[in-house]
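Trainee: Give me a 3D structure for the following:
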Amino acid sequence: MKLPIYFLSLAILAMTGCTTDSAVKPTATEHLSHDTAATHNEKPSEKSPVCASPSSQCANTVAAEFAQDGVLWITWANDDHVYVQSSSDKGQSFSTPIMVNAVAEKVTAKGENRPKIKLDAKGNIYITWAWSVGKHHAGHIRFSRSTDGGKSFSAPVTVNDNLDAIGHSFDSMAIGQNGEIFIAWIDARDTQAAKKAGQKFEGSSLYYSWSNDGGKSFHANQRIAAHICQCCRLQTAIAKDNTPVITWRHIFDGGIRDHALIKFTDWQTAGDLQRVGQENWKIDACPHHGPGLAISDTDVYHEVWFSNADVKKGLFYAHSTDAGKHFSEPMNFGGAGASHAHIQTIGQQVAIVWQEFDGKNNVLQLIKSSDAGKTWTKPEVIAQATKGVDTPFLITDKQAMYVSWHRQQQDYQLQKINF
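Mentor: As a prediction, the model looks like this:
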């Protein structure tokens with residue numbers, strides 16, 4: 001089955017300052033954990049401040065990606081619209097915000113569930129997000145593209161072909177070497193089907209679709225795996241042989257919520273499930289901590305994740321040199337309150353960034369490796385704030401790595417990593 005995409009041009013909106021509400025409240029769409037000990041400094045989601053005009057300062061989350069020409073692109077949501085901006089000076093200044101969805105719709109942009117942005121080698125821009133459709137946790141995966149350098153965006157389409165008002169969320173996107181677009185998400189269709197049949201179904205399922213025509217149409221949805229954690233981010237990457245690789249928090253036998261990875265054999269076929277880590281965290285709740293994955297140009301898989309198991313607690317790192325079939329002995333890092341690690345690599349250089357809550361401050365920490373993850377530097381503090389810190393991510397322009405992060409009501413932050 002193919003989903004058509006129709007284009008429309010959008011007017012450029014002027015950017016000015018923003019004002020905030022005097023009070024903020026949790027939104028109905030936030031997936032709250034049932035285990036507060038697992039979330040550390042994760043707080044119930046707050047409503048974005050109201051802006052007089054669109055501004056990333058008034059967004060809860062910002063996602064970023066470099067184009068091949070070195071231009072930085074960011075995406076964020078405010079007041080039921082998704083926006084993009086670009087910067088040709090590494091985040092020192094930005095273009096006027098461009099609206100992606102002309103028709104307002106409730107955009108989920110909280111914590112690990114946020115709009116995403118990717119670009120292909122031709123400079124086409126691809127945006128995905130989860131559209132909340134009103135019922136608790138119900139939503140759809142939306143997609144829009146720009147083929148004119150971000151001047152206009154296509155009318156959004158829904159990627160999930162199951163259109164029930166159920167959970168379709170936590171989307172993740174990767175772009176293949178030939179411009180293929182891979183989109184995966186957490187999907188509740190199997191859970192609902194089992195419920196209607198009076199059967200038990202642990203967690204949700206992992207589904208995907210892909211496009212080989214630049215996003216004009218998408219292939220029918222396929223299931224990658226059943227029984228996955230309902231509310232932890234996914235991470236996708238493209239292997240050296242130009243096939244998708246995806247990792248997520250899985251529900252193993254006995255209610256164990258550790259991590260899994262699958263490398264595709266081709267764009268139509270998912271490979272065998274591989275387990276990542278053996279913490280054996282047994283929990284009947286959503287930890288809100290998804291993994292991070294980066295694949296080097298020598299095809300080494302580098303992965304980070306979080307666990308709060310009885311014995312093995314905190315953040316972990318491991319790497320694989322055989323396409324995820326085996327991983328190195330996990331390295332435990334980070335202090336008390338460490339969470340939301342992300343990883344990036346350029347050649348032999350690998351960096352990991354995460355946040356820690358010390359009781360007062362949200363502290364961004366960084367460690368680096370110059371030998372493909374064999375040895376690491378001591379943690380260094382690169383930023384801190386008392387409140388309103390978004391999850392940090394690492395992005396690259398192929399020449400250097402940068403920490404991408406955001407504090408609400410302040411300018412977006414991009415910080416270069418020096419090895």
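Trainee: which element follows the longest helix along the chain toward the C-terminus?
Mentor: When the chain is parsed with DSSP state H, its longest helix is helix 189-196. Next along the chain after helix 189-196, taking DSSP states H and E as the criterion, comes strand 204-211.
Trainee: Send over the longest helix of the chain as PDB, restricted to the C-alpha atoms.
Mentor: The C-alpha trace of helix 189-196 is given here as PDB (Å, rounded to 0.1, in the frame of the first residue of the first chain):
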ATOM      1  CA  ARG A 189      -2.600  -2.300  17.300                       C
ATOM      2  CA  ASP A 190      -1.500  -5.800  18.400                       C
ATOM      3  CA  THR A 191      -2.200  -4.900  22.100                       C
ATOM      4  CA  GLN A 192      -5.700  -3.800  21.200                       C
ATOM      5  CA  ALA A 193      -6.400  -6.800  19.000                       C
ATOM      6  CA  ALA A 194      -5.400  -9.100  21.800                       C
ATOM      7  CA  LYS A 195      -7.600  -7.200  24.300                       C
ATOM      8  CA  LYS A 196     -10.600  -7.600  22.000                       C
END
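Trainee: quick one: contacts of it?
Mentor: Asn162, Asp164, Ile166, Gly167, Lys200, Phe201, Gly203, Ser204, Ser205, Tyr207, Arg223, Ala226 (Cβ atoms under 8 Å, 6 or more residues apart in numbering). To be clear about C-beta, it is placed using only N, CA and C from the backbone, and glycine gets the same treatment.
Trainee: Could you pull out the strands in the stretch 51-200 of the chain for me?
Mentor: 63-66, 72-78, 81-87, 98-99, 107-108, 116-119, 125-132, 139-146, 157-158, 168-175, 181-187 (DSSP state E, counting those that start in this stretch).
Trainee: Now do the fourth one: which elements does it pack against?
Mentor: Packed against strand 98-99, as judged by 3 or more Cβ pairs under 8 Å, 6 or more residues apart in numbering; DSSP states H and E, are the following elements: strand 81-87.
Trainee: mean confidence score for the strand it packs on?
Mentor: Averaging pLDDT along strand 81-87 gives 98.
Trainee: before we move on, back to that, closest to Asp266 out of the strands of the stretch 51-200 of the chain?
Mentor: strand 181-187 (11.8 Å; Cβ to Cβ).
Trainee: What residues sit buried inside that closest one?
Mentor: Ile181, Phe182, Ile183, Ala184, Trp185, Ile186, Asp187 (16 or more other Cβ atoms under 10 Å).
Trainee: can you check stretch 160-170 too?
Mentor: Buried-residue list, stretch 160-170, by 16+ other Cβ under 10 Å: Asn160, Asn162, Ile166, Gly167, His168, Ser169, Phe170.
Trainee: how far is that stretch from where the chain is centred?
Mentor: 18 Å (Cα atoms, centre = their mean, to the nearest Å).
Trainee: Stretch 149-164 too?
Mentor: Distance, centroid of stretch 149-164 to centroid of chain: 18 Å (Cα atoms, centre = their mean).
Trainee: what's the span of that stretch from first residue to last?
Mentor: End-to-end span of stretch 149-164 (Cα to Cα, to the nearest Å): 34 Å.
Trainee: rewinding a little: please produce JSON lines containing the strands of the stretch 51-200 of the chain, extended by distance to Ser55.
Mentor: Listed next are these as JSON lines, based on distance: least, Cβ to Cβ, whole Å:
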{"stretch": "strand 63-66", "distance to Ser55": "16"}
{"stretch": "strand 72-78", "distance to Ser55": "7"}
{"stretch": "strand 81-87", "distance to Ser55": "9"}
{"stretch": "strand 98-99", "distance to Ser55": "13"}
{"stretch": "strand 107-108", "distance to Ser55": "15"}
{"stretch": "strand 116-119", "distance to Ser55": "17"}
{"stretch": "strand 125-132", "distance to Ser55": "18"}
{"stretch": "strand 139-146", "distance to Ser55": "20"}
{"stretch": "strand 157-158", "distance to Ser55": "27"}
{"stretch": "strand 168-175", "distance to Ser55": "24"}
{"stretch": "strand 181-187", "distance to Ser55": "28"}
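Trainee: Compute the inter-axis angle for the longest helix of the chain and strand 168-175.
Mentor: 150 degrees (axes from the mean of the first three to the mean of the last three Cα atoms, to 10 degrees).
Trainee: Pull out the buried residues from helix 189-196.
Mentor: Arg189, Asp190, Thr191, Gln192.
Trainee: What of stretch 338-350?
Mentor: Going by 16+ other Cβ under 10 Å, stretch 338-350 has these buried residues: Ala338, Ser339, His340, Ala341, His342, Ile343, Gln344, Thr345, Ile346, Gln348, Gln349, Val350.
Trainee: Likewise for stretch 67-84?
Mentor: For stretch 67-84, a neighbour-count test (16+ other Cβ under 10 Å) marks 67, 71-78, 81-84 as buried.
Trainee: Can you say which of the strands of the stretch 51-200 of the chain is nearest to His289?
Mentor: strand 168-175 (12.2 Å).
Trainee: what's the angle between the longest helix of the chain and strand 204-211?
Mentor: 140 degrees.
Trainee: What ranges does this structure have for its helices?
Mentor: Under DSSP H, the chain gives helices at 36-39, 189-196.
Trainee: which stretch in those helices is the model least sure about?
Mentor: helix 36-39 (a mean of 30).
Trainee: Worst mean pLDDT across the helices and strands of this protein, which element?
Mentor: Using mean pLDDT, DSSP states H and E, the weakest-scoring helix or strand in the chain turns out to be helix 36-39, at a mean of 30.
Trainee: And for the residue nearest to Ala165 when sequence neighbours are not counted, the neighbour number?
Mentor: Leaving aside its sequence neighbours, Ala165 sits nearest to Ala138 (Cβ to Cβ, 6 or more residues apart in numbering; 4.4 Å). Ala138 has 18 neighbouring residues, counting by other Cβ atoms under 10 Å.
Trainee: Strands of the stretch 301-419 of the chain, start to end?
Mentor: 301-308, 313-320, 331-333, 338-346, 349-357, 362-369, 380-385, 393-396, 401-405, 413-416.
Trainee: of these, which approaches Arg114 most closely?
Mentor: The nearest among the strands of the stretch 301-419 of the chain, by Cβ to Cβ, is strand 393-396 at 10.2 Å.
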